[in-house]
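Asks: dropping the sequence and predicted coords here.
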Amino acid sequence: MDKTDNITKLLAACKRHDRKAQMQVYQRYANAMYQVAVRITGNPDDAEDVMQEAFIKAFDKLHTFKATASFGAWLKRIVINEALSYLRKHKNFECLKNHNTVIEPEPEIEVNDKNIKIEALLEAIDRLKDNYRIAINLHFIEGYDYEEMTQILNLSYANVRTLVSRAKQKLKHILEKNYSEILKN
């Protein structure tokens, strides 16, 4: 039995409210979904809350899952939406709404990527303001394009482009300022 058959059977059992199957699905996806939630919320405790709520929501809405995408992709979308919702509720999160719609050319993040340590990059991303951190994570780490981000963030296409552009500029500035010794090597 391959992985697809196994997850299909587990999901069928989950639809029947089989707690053992739900636990198996949770154990299979929890770590990856937690990492997504941490990247969006910027806080391990908030991420834990988000992840728990997302799994509850996913099991409750499992009947709406269409196998047009993988279950993991569907679940990740729920986690991201839950994380953004959490931030809006708990952190007076209006920073995404207050972007000017000035379309700027996208700067490339060229930081002499010779042996830049992933830890330094992730630390620099964590230093960004919430809206920039979210934009960088959704676009570059989670791989969403601008169209998908407009739906996730409920922003216009122009606002998403501006947000990503400014986030990249700020990230480049942080990397150049704080990690110049890494970038020179």
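Replies: Done, it's in. Numbering: from 1, shown residues only.
Asks: going by C-alpha atoms from here, please, whenever you check contacts or count neighbours.
Replies: Will do.
Asks: now tell me which helix or strand of this structure has the poorest mean pLDDT.
Replies: Lowest by mean pLDDT, DSSP states H and E among the helices and strands of the chain is helix 180-184, with a mean of 57.
Asks: from Ile141, how far off is the spatially closest residue to Ala135 that is not a sequence neighbour?
Replies: Counting by Cα to Cα, 6 or more residues apart in numbering, the nearest residue to Ala135 once its immediate chain neighbours are dropped is Val164, at 5.6 Å. Val164 sits at a distance of 13 Å from Ile141 (criterion: Cα to Cα, to the nearest Å).
Asks: please parse the protein into its domains.
Replies: Structural domains assigned to the chain are 3-90, 118-184, following automatic domain parsing.
Asks: just put the ones you listed in CSV and tack on mean neighbour count.
Replies: Formatted as CSV, the domains of the chain follow (neighbours: other Cα atoms under 10 Å):
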stretch, mean neighbour count
domain 3-90, 17
domain 118-184, 18
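Asks: and the helices in this protein?
Replies: Using DSSP state H, the helices of the chain run over 3-15, 19-41, 44-60, 71-90, 118-126, 130-136, 146-153, 157-178, 180-184.
Asks: you'd agree Glu48 is up against Tyr34?
Replies: Yes: between Glu48 and Tyr34 a contact is recorded at 6.6 Å, counting by Cα atoms under 8 Å.
Asks: phi, psi for Tyr144 please.
Replies: Main-chain dihedrals, Tyr144, degrees, to the nearest 10: phi -80, psi 140.
Asks: could you do Thr68 as well?
Replies: Given degrees, to the nearest 10, the pair of backbone angles that Thr68 has is phi -70, psi -20.
Asks: quick check: it vs Glu142, distance?
Replies: Taking Cα to Cα, one finds Thr68 at 19 Å from Glu142.
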